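Q: pasting the sequence and the predicted coordinates here, then a few questions.
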Amino acid sequence: MVSHILGGKISNIVLASASPRRAQLLRQIGLEFQILPSQINEPSIGSQPVDTTKHIAYEKAKAVVDQVESGLIIGADTTVVMDQEAFGKPSSCQQAVEFLKKLSGNLHHVITGVALIDLNRKTEVIWSETTSVFFRRLRSEEIKAYVASGEANDKAGAYGIQGKAAAFVERIEGCYFNVVGLPLASLTEKLYQIR
């Protein structure tokens, strides 16, 4: 468990996100934390998705600084990009269907920006991770059934690799957990660096 490996030096961790998937990933590696979802107006991803996801992650972390006296704040933002087009969370079932039709049979990239703000050491670390995801060709009826299940609603690119959409993925190149919402290996490395 990461918290034990680091000798108990990680205390008062705050996740500035309402994402249940990110919370589950942090629990998976043994971290104890509190959740303070940030309320920010997220800008459109635009033509610089790596820079934008890092910026949004930092703004999410910074938005809860005033609510925390000490400790470490984690902010993150994930987007899906294909052919320079960004796919955030779908605004409707119709848009979710459109997203999945475009991703069907194609390669796309999942980019997660992560920001750590260590209030005790007055340190900030911001980075991003990119994972390549290859979808098999999807049938129209399975796209509609998946969207009808409700699983597409709150996920970048309108799918969750850890759920039913696992059946859509032929292969990935890079960090699987990054596609879920947090790149756990690089997060652990950054925690070692700042602690």
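A: In hand now; what should we look at? Residues are numbered from 1 along each chain as shown.

Q: what residues of the lengthiest helix in the chain count as buried?
A: In the chain, ranked by residue count with DSSP state H as the criterion, the top helix is helix 49-63. For helix 49-63, a neighbour-count test (16 or more other CB atoms under 10 Å) marks 49-50, 52-63 as buried. C-beta coordinates here come from the backbone N, C-alpha and C atoms, glycine included.

Q: which element follows it toward the C-terminus?
A: Sequence order places strand 72-82 as the next helix or strand after helix 49-63, per DSSP states H and E.

Q: within the sheet, what are the partner strands of that next one, with directions?
A: Sheet pairing of strand 72-82 (DSSP bridges) gives strand 13-15 (parallel), strand 85-87 (antiparallel), strand 107-118 (antiparallel).

Q: so Arg137 sits right up against Leu103, yeah?
A: No - using CB atoms under 8 Å, Arg137 makes no contact with Leu103, being 10.4 Å away.

Q: and those two? which has more neighbours close in?
A: Leu103 (23 against 9; other CB atoms under 10 Å).

Q: measure the more buried one to Gly88 for me?
A: Leu103 is 13 Å from Gly88, where distance means CB to CB, to the nearest Å.

Q: common neighbours of those two, please.
A: Residues within reach of Leu103 and of Gly88 at once, by CB atoms under 8 Å, 6 or more residues apart in numbering, are Val80.

Q: what distance do you get for the residue lying farthest from the centre of the chain to Gly150?
A: In the chain, the residue that sits farthest from the middle, by CA atoms, centre = their mean, is Glu141; the gap is 27.7 Å. Remark: distance between Glu141 and Gly150 (CB to CB) = 17 Å.

Q: buried sites along stretch 71-85?
A: For stretch 71-85, a neighbour-count test (16+ other CB under 10 Å) marks Gly71, Leu72, Ile73, Ile74, Gly75, Ala76, Asp77, Thr78, Thr79, Val80, Val81, Met82 as buried.

Q: widest-spaced pair of these?
A: Gly71 and Met82 (37.1 Å; CB to CB).

Q: that older thread, quick check: which element contains the residue farthest from the centre of the chain?
A: According to DSSP H and E, Glu141 maps onto helix 140-148.

Q: so what does the helix or strand just after that helix touch, helix or strand wise?
A: Going down the chain from helix 140-148, the next helix or strand is strand 169-173, by DSSP H and E. Where contact means 3 or more CB pairs under 8 Å, 6 or more residues apart in numbering; DSSP states H and E, strand 169-173 is packed against strand 123-135.
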